[in-house]
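*Asks:* Structure, please.
(one chain, ligands or ions: 1)
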Amino acid sequence: MNKVSQHGEWTSRWSFILAATGSAVGLGNIWKFPYITGENGGGAFVLVYLICICLIGIPIMMAEIVLGRQGRQSPINTMRDLAKKAGAHRYWSLVGWLGVIAGFLILSYYSVIAGWAMAYVVRVASGMFDGATGDGVKNIFVQFISDPEKLLAWHSLFMILTMLVVARGIKGLERAVKFLMPSLFVLLLLLVGYSMSQGAFGQGVSFMFNLDFSKLSGESVLTAMGHAFFTISLGMGAIMVYGAYLPSNVSIASTTLVIVIADTLVALLAGLVIFPIVFANGLEPASGPGLIFQTLPIAFGHMGFGAFFGTLFFVLLVFAAWSSSISLIEPAVSWLVENKKISRMRACIWAGLATWFVGVGTVLSFNYMSDVTLFGRTFFDLLDFLTANIMLPLGGICIAIFAGWIISKQSSEEELGLPRGGYYEAWRFLVKYISPAAVIIVFMNVVGIL
Ligand code: TRP
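*Replies:* Just a heads-up that it's a prediction; the model follows:
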């Protein structure tokens, strides 16, 4: 009954929490959340995102961990085996495949953006932003992304870093996240302090929390939902594969809550740092993927010891991205090791090279190919839309349906081990009906059926 994973196990509950939090907290919180909030008008978007986290995110994360811990393999093989055990069709393993592909596509652009963060470590440390104005900082950013060679170099370096950790297996991951996540949190608090002193704090707060539903389109709702999946690493098997390494005696529900609360706090803090700076400097909240790179350097250019804190901030951001990126490729690597009988090292080389190659498309989409668009989106926008807004929610529905309808009630009840009092029934109701229905309604709304 109690299977063990061939890839090993986390040494404790805290290792899993740190690794999963490391996966969840990343560029999604600090880079993406502020800029999509800016693009989608603020408060109402944030509210929809928070609702999605509670109604869809938390139950599906629990479902993913349940499945992972029962299957104890890569998501593809876990889904295949659990389907077989439940007498369901073997095509359920396609959910694993969808996840592997989504993770691979996400990492291809994630690495490019993480490369920007690395480049900014050097820029901030060299004092390039001392006393800089909004325009100056913007120019530096625009010049930077229009240079494909630079972006490519940083993207390549980040991919190498990612694959080095994955090649060493679980142990490497555990060690790295232990110190980095708490430090990032403390530094964010410090930056919130700076933002509070900047005069436009109230304006920033009201942008983030004032509910103006007139600014919310169907597509904004889809983006909010997609981001709920993205930010807690859901819908593609990353959490499932981490769950496969989770010791059997650990409570899934309480661990999930810790991870989700930490992730949400970091995103909200990042917003509270960034929007006051945006308003205090007359910048545009809807300035897109460059938002943090065009706002934070202003703060670092003006505060005491700014170069020091700025360097530290971008270093930690790189680490946050690093601990996320490894989870994006782990499902693919674990599958290669299980099915192709190759070493972890080789699996990493192949998976890493393929990801790197797709990433070149994203590099070029910010310069040479910035006017090559499909459905009005550049290569980067298209990848981001397809993965976060379509593939993750789709994977999420399948995981919810599988956990709610296909595997036996007894097995999920035992695996979750929730206290009495209707908790299990509530979870099951959410994954059986509410989460899938919510995702489908949002999809239909965007397509224009509703
Ligand atoms: N959650 C990470 C972030 O917010 C990104 C990430 C890591 C991810 N693993 C994932 C997103 C798996 C979706 C699926 O930056």
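*Asks:* by contact count, what packs against the helix or strand where residue 166 lies?
*Replies:* Under the criterion of DSSP states H and E, residue 166 resides in helix 148-167. Secondary-structure packing of helix 148-167 (3 or more C-beta pairs under 8 Å, 6 or more residues apart in numbering; DSSP states H and E): helix 93-125, helix 134-145, helix 170-196, helix 306-339, helix 344-365. All C-beta spots, glycine's among them, are computed from the backbone N, C-alpha and C.
*Asks:* Including mean pLDDT, could the ones you listed go into JSON lines?
*Replies:* Output for the helices and strands packed on helix 148-167, formatted as JSON lines (pLDDT from 0 to 100):
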{"stretch": "helix 93-125", "mean pLDDT": "97"}
{"stretch": "helix 134-145", "mean pLDDT": "95"}
{"stretch": "helix 170-196", "mean pLDDT": "81"}
{"stretch": "helix 306-339", "mean pLDDT": "91"}
{"stretch": "helix 344-365", "mean pLDDT": "96"}
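*Asks:* Identify whichever of these lies nearest to the ligand.
*Replies:* helix 306-339 (3.8 Å; C-beta to the nearest ligand atom).
*Asks:* Next, the buried residues of that closest one.
*Replies:* When neighbours are counted by 16 or more other C-beta atoms under 10 Å, the buried residues of helix 306-339 are found to be 306-307, 309-338.
*Asks:* swap in stretch 56-76?
*Replies:* 56-76.
*Asks:* Stretch 396-405 now?
*Replies:* 396, 397, 398, 399, 400, 401, 402, 403, 404.
*Asks:* That one and the ligand in contact?
*Replies:* No - Stretch 396-405 lies out of reach of the ligand by C-beta under 6 Å from any ligand atom, never closer than 10.0 Å.
*Asks:* List the contacts of that stretch.
*Replies:* 56, 59-60, 63-64, 66-67, 79, 82-83, 88, 92, 95, 98, 229, 234-235, 240, 412, 428, 431-433, 435-436, 439-440 (C-beta atoms under 8 Å, 6 or more residues apart in numbering).
*Asks:* got it, and stretch 184-194?
*Replies:* Residues from elsewhere that reach stretch 184-194 (C-beta under 8 Å, 6+ apart): 25, 262, 265-266, 269-270, 272-273, 296, 299, 303, 309, 312-313, 316-317, 319-320.
*Asks:* hmm, try it at 6 Å
*Replies:* 269, 272, 273, 299, 303, 313, 316, 320 (C-beta atoms under 6 Å, 6 or more residues apart in numbering).
*Asks:* Can you pull up the residues of the stretch 201-350 of the chain that come close to the ligand?
*Replies:* 230, 231, 233, 236, 238, 324, 327, 328.
*Asks:* A strand includes residue 6, no?
*Replies:* No - Residue 6 is assigned coil when assessed by DSSP: H, G, I helix; E, B strand; the rest coil, not a strand.
*Asks:* Now residue 264: closest residue in space, sequence neighbours ignored.
*Replies:* Once flanking residues are discounted, residue 264 sits nearest to residue 53: 6.3 Å by C-beta to C-beta, 6 or more residues apart in numbering.
*Asks:* how close does that neighbour sit to the ligand?
*Replies:* Going from residue 53 to the ligand by C-beta to the nearest ligand atom, to the nearest Å gives 12 Å.
*Asks:* Let me see the confidence value for that residue.
*Replies:* Looking at residue 53, its pLDDT stands at 97.
*Asks:* Need phi/psi at it.
*Replies:* phi -60, psi -50 (degrees, to the nearest 10).
*Asks:* Can you get me a residue count around it?
*Replies:* Residue 53 has 24 neighbouring residues, counting by other C-beta atoms under 10 Å.
*Asks:* Isn't it up against residue 229?
*Replies:* No - using C-beta atoms under 6 Å, residue 53 is not in contact with residue 229, being 9.5 Å away.
*Asks:* Residue 318 contacts residue 118, correct?
*Replies:* Yes - using C-beta under 6 Å as the test, residue 318 is close enough to residue 118 to be in contact (5.3 Å).
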